[in-house]
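# Here is my input; please provide its structure:
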Amino acid sequence: MGTSAPILPRKKVYPARRSNKPQMVKTAVIAKLAHGATKSQIARDLDITRNCVTTIEEESGIKQHLQDGTSSVVGLIPEAIRVAKVRLAKDSENMAVKVLEWTVAPIMGHGDKAMTGDMHLSLAIQNLISPPAIENKGDNDSKAILSESSAAPPVATDDKP
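Residues are numbered from 1 along each chain as shown. Have a look, this model is predicted:
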């Protein structure tokens, strides 16, 4: 005589929740979620409940779309770096400027792409662009050499001696 598996009660399956909000509200929720807003902030902004935001999020599948898009973009990075290296090897001025715009300028806090970056990286880049002046109190010769090499280029003025 064999033993039979115990009969488990069936778990009740509920249909997916659907929001009855107007499409305009759903679109606004999805757009805000895609731009990284929190559910609480979205609920306050649109005067709806946080549960409503969650329902619209689940209904739209925006989380999965964002994950798929991120995975897609991350997969393209190695190829983009390869192409950038090829163009830089051909002395492409445009590529050199773009590399600086998207790396140095944001870290340095310049331009509309300003962001906070790794402080160590930021400091290293600043030192490459303009090395800090190091003064040696005991050795006047090395002091003069260092201050000359790190000094800013002379600025033309209209003043006559």
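# This protein: helices as residue ranges?
Secondary structure of the chain (DSSP state H): helices at 23-34, 39-46, 50-60, 62-89, 93-108, 119-129, 140-150.
# List the buried residues in the fourth one.
Under the neighbour-count criterion of 16 or more other Cβ atoms under 10 Å, helix 62-89 has 62, 84, 87 buried. From N, CA and C alone the C-beta is placed, and that goes for glycine too.
# how does this structure divide into domains?
Split into domains by automatic domain parsing, the chain comes to 16-90, 93-150.
# Quickly, which of these bottoms out on average pLDDT?
Per-stretch mean pLDDT for those is lowest at domain 93-150 (a mean of 61).
# most packed of the helices of the chain?
Most buried of the helices of the chain, by mean neighbour count (mean count of other Cβ atoms under 10 Å): helix 50-60, with a mean of 18.
# got a list of contacts for it?
If you take Cβ atoms under 8 Å, 6 or more residues apart in numbering as the criterion, helix 50-60 is touched by 16-19, 21, 25-26, 29-30, 33, 39-40, 42-43, 46, 63.
# Ok, stretch 30-43 next?
29, 45-46, 48-50, 52-54, 56-57, 60, 62, 66.
# Just the terminal-to-terminal distance for that stretch.
12 Å (Cα to Cα, to the nearest Å).
# Same check on stretch 79-98?
Stretch 79-98 has an end-to-end distance of 16 Å (criterion: Cα to Cα).
# can you list contacts of that stretch?
With Cβ under 8 Å, 6+ apart as the test, stretch 79-98 has contacts from residue 99.
# can you offset everything so residue one is 41?
Noted, 41 is the first residue going forward, which turns the last one into stretch 119-138.
# Of the contacts of stretch 70-83, which is the nearest to residue 47?
Lowest distance from residue 47 to the contacts of stretch 70-83 (Cβ to Cβ) belongs to residue 94, with 34.4 Å.
# Could you point out which of the helices of the chain sits nearest residue 47?
Residue 47 lies closest to helix 90-100 among the helices of the chain, at 31.7 Å (Cβ to Cβ).
# The closest one vs helix 79-86, what angle?
Angle, helix 90-100 to helix 79-86, by axes from the mean of the first three to the mean of the last three Cα atoms, to 10 degrees: 100 degrees.
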